[in-house]
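Predicted coordinates and the sequence they were generated for:
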Amino acid sequence: MPAKDVFFHWMDYCMLVLTLLLSCAVGIYYGIAERNKSTAVDYLMAGRSMPVWPVSFSLFVSFLSSISFLGDPVEVYYYGAIYWSMTLGFLIGLPIIAHVFAPILYRMKLISVCEYLEIRYNSKVRIICSIISGIGMMLFMGVVLYAPSLALSQVTGLDVWLCIMVVGVACTFYTSLGGMKAVLWADTMQFFLMMAGLLAIFIQGILKLGGISNIWNISKQGGRLNFFEFNPSPFYRSTFWTFVIGGVFRALNPHVSGQVWVQRYCSLKSEKDVKLAIYLNLPLYLIFLTLFTGNGLVLYAYYNGCDPMQQGRIRKPDQMIPLLVLELFQTLPGVSGLFLGSLVSASLSTLSSGQSGLAASCLSDMVHPLYQRLSVKKRMSDKCSTILAKVLSASFGVLNIFISFLMMFVKDSNVFELSLSLVNATFAPVAGVYIVGILFPFLNTMTVLTGSAVSFIVSCWITMGTLLTGVRERPLPITMDRCTIKNLTLYVNDSTILVNNDNLSFTTMKFDNHRSAFNGIYNFSPLLYPALGPIINIVCSLLIWMITVSFLKVRKYYDSNSTKDEKIERVAYDKDYPGLLPFAPIGEIRTTTV
């Protein structure tokens, strides 16, 4: 039942501006209150004295970006409520984080999570992973800033670039001024705004569409209640297994290797608080993913028979939710602004966390080591470190705005799949280095680095190949029997041709109808991208370890039956041609002694 004309009321603008002002006010308050505290630990780690509940909220909202608000309900609209299965993945992954990974990283009192890599491996591994994860975080933040700006442009009529500037500048201001405490408390405030926005859509959708039973029946008739899709093939996009396995690693990767998340739980007072903060996220994920699923079904029931993309009312799927909000709340001024405020809050929470995390990582991994090499002093003063941290935070904010401008030129992509692609290419391979290092302490540096290199190459290959070839799985059926069609969709073989009736332009998108069969590596389900990097790393590292162990056993046996001259000859050979010896497990004899 889409409306024809919708407008953004002046009260909606007030709600939106109020959201930005509240976040900036938090930054100003902590900028003034903490001005006499000059240590980098106070600025970047909140003095390691934060209570549990704001840190728990911050951990959650740092993960729950504007991408989730705009992309996840649209995922349900196109591919069904099987999306909810991801909740089970989080319920499995979070206890593993709380008891296996987080305690080890917390005890090390890290400022940068990459400090662990230098202790476990060496300084080169630390710098390489810091650069890769930093680049990935910047690209991810570009998508996070672009998503709400696109929505704001849709509902206000303002240019996308202007919306990017407004949101980006506000975030950079309060993050740089107030430090980690401002970020944590602003995240807490933004959490409640996000909850209010999601509940508003769900409740108003139920009232407009005649109740939950009616939404359920419409969704069932449209094939959206596909909870029991158990196809085991990783080349079939949306199944119970792809969402559960992908969900486990979507939770695991950032909490193990993400500067943003590790920085948060390392700001707590004790290891017990760390576990409690992570466990408090369990009900939050359950509630929010259920709301995303519910809003996706509301979206489908509302636009059933009149898809706004094919009707030509919007240009990208990510604009569906803002359009729905305007139409649901056109008689309730201010509520649309509340949702847009919650959307901006979701973006601000992730952006502020990312800027703070990148500042901490860059300062600890690159600036401090470089200073110690070039300066006579062994350690940079706390005052200088704090100033540099603020400058770095502001610089990353400016860079993030620039990257978001570049996202305006990315065509034919939705933020849900684009974010998964970025995670696959950068975060997932780096997370594999941490996971292997913690779970398999007997593996040495060379073994893990080789597995990581294979993981990184394969992940980038699949990600870039999928983006360049544009092969996608066709979504569930969408009907157009209740409205005028502006963009006609024709399915021809394995392609979809979008015909624009106004200017007779044609757009062709490739689809694969049979992901259950191996039709090419680019058909790999994007939902499994977060799992790809760590799994490849683990498998390759363990294979190299087994080959090396077998080699050393043969060498040991051979040495026990060799003459003295043969042993001397072998020592000289090992010195010139190390062979497999650099891959030898930690603790093994790596050269033959005479």
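All right, it came through fine. Numbers count the residues shown, from 1 in each chain.

other SSEs contacting the helix or strand harbouring residue 550?
Element membership for residue 550 (DSSP states H and E) is helix 529-560. Counting by 3 or more C-beta pairs under 8 Å, 6 or more residues apart in numbering; DSSP states H and E, the packing neighbours recorded for helix 529-560 are helix 240-257, helix 415-422, helix 428-439, helix 445-469. Backbone N, C-alpha and C define where each C-beta goes, glycine included.

Of these, which shows the lowest average pLDDT?
Averaged per stretch, pLDDT over the helices and strands packed on helix 529-560 is lowest on helix 415-422, reaching a mean of 59.

pull the helix or strand with minimum mean pLDDT from this protein.
strand 505-512 (a mean of 42; mean pLDDT, DSSP states H and E).

returning to what we had before: please point out which parts of the helix holding residue 550 sit buried.
529-538, 540-541, 544-545, 548-549, 552, 555 (16 or more other C-beta atoms under 10 Å).

buried sites along the helix or strand where residue 389 lies?
In the assignment (DSSP H and E), residue 389 maps to helix 382-407. Buried positions in helix 382-407, judged by neighbour count with 16+ other C-beta under 10 Å: 385-386, 388-390, 392-397, 399-401, 403-405, 407.

show me the biggest helix of this structure in terms of residues.
Secondary structure of the chain per DSSP state H: the longest helix is helix 160-208.

quick one: that helix to chain centroid distance?
17 Å (C-alpha atoms, centre = their mean, to the nearest Å).

quick one, that helix and helix 382-407 angle?
80 degrees (axes from the mean of the first three to the mean of the last three C-alpha atoms, to 10 degrees).

for the very next helix or strand once past helix 160-208, packing partners?
Using DSSP H and E, the helix or strand that follows helix 160-208 in sequence is helix 212-221. Contacts defined by 3+ C-beta pairs under 8 Å, 6+ apart place helix 212-221 against helix 160-208, helix 281-302.

And the ones you listed: which comes nearest residue 75?
Closest approach to residue 75 among those is made by helix 281-302 (6.8 Å; C-beta to C-beta).

buried set for the closest one?
Going by neighbour count (16+ other C-beta under 10 Å), the buried part of helix 281-302 is 281, 284-285, 288-289, 291-302.

which residues touch residue 218?
Listed by C-beta atoms under 8 Å, 6 or more residues apart in numbering, the contact set of residue 218 reads 209, 300-301, 304.

about what we covered before: next, format the helices and strands packed on helix 529-560 as JSON lines and append mean neighbour count and distance to residue 78.
Formatted as JSON lines, the helices and strands packed on helix 529-560 follow (neighbours: other C-beta atoms under 10 Å; distance: least, C-beta to C-beta, whole Å):
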{"stretch": "helix 240-257", "mean neighbour count": "24", "distance to residue 78": "14"}
{"stretch": "helix 415-422", "mean neighbour count": "22", "distance to residue 78": "10"}
{"stretch": "helix 428-439", "mean neighbour count": "25", "distance to residue 78": "24"}
{"stretch": "helix 445-469", "mean neighbour count": "19", "distance to residue 78": "17"}
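
could those helices go into JSON lines alongside distance to residue 117?
Formatted as JSON lines, the helices and strands packed on helix 529-560 follow (distance: least, C-beta to C-beta, whole Å):
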{"stretch": "helix 240-257", "distance to residue 117": "9"}
{"stretch": "helix 415-422", "distance to residue 117": "21"}
{"stretch": "helix 428-439", "distance to residue 117": "7"}
{"stretch": "helix 445-469", "distance to residue 117": "10"}
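
Tell me which of those helices sits nearest to residue 198.
helix 415-422 (16.3 Å).

lowest-confidence stretch among the helices and strands packed on helix 212-221?
Here the lowest mean pLDDT among the helices and strands packed on helix 212-221 goes to helix 160-208, at a mean of 79.

That one relative to helix 281-302, how many degrees between them?
In terms of direction (the same axes, to 10 degrees), helix 160-208 departs from helix 281-302 by 80 degrees.

ok so, going back, mind giving me the packing neighbours of the helix holding residue 389?
By 3+ C-beta pairs under 8 Å, 6+ apart, helix 382-407 packs against helix 40-45, helix 123-156, helix 160-208, helix 335-362.

so of these, which one's packed in deepest?
Ranked by mean neighbour count, the helices and strands packed on helix 382-407 are led by helix 335-362 with a mean of 28 (mean count of other C-beta atoms under 10 Å).

what sits up against stretch 106-116?
Identification of contacts with stretch 106-116 by C-beta under 8 Å, 6+ apart yields 40-41, 44-45, 48, 105, 119, 126-127, 129-130, 133, 257-259, 262-263, 265-266, 268, 271, 274, 360-361, 363-365, 434, 437.

Quick check: mean pLDDT of it?
pLDDT averaged over stretch 106-116 gives 84.

Stretch 388-403 too?
Mean predicted lDDT for stretch 388-403 stands at 83.

and that stretch, how far from the chain's centre?
Here stretch 388-403 is found 19 Å from its chain centre; the criterion is C-alpha atoms, centre = their mean.

all numbers from here: first residue = 2
That works, and once the first residue is 2, the last one we named lands at stretch 389-404.
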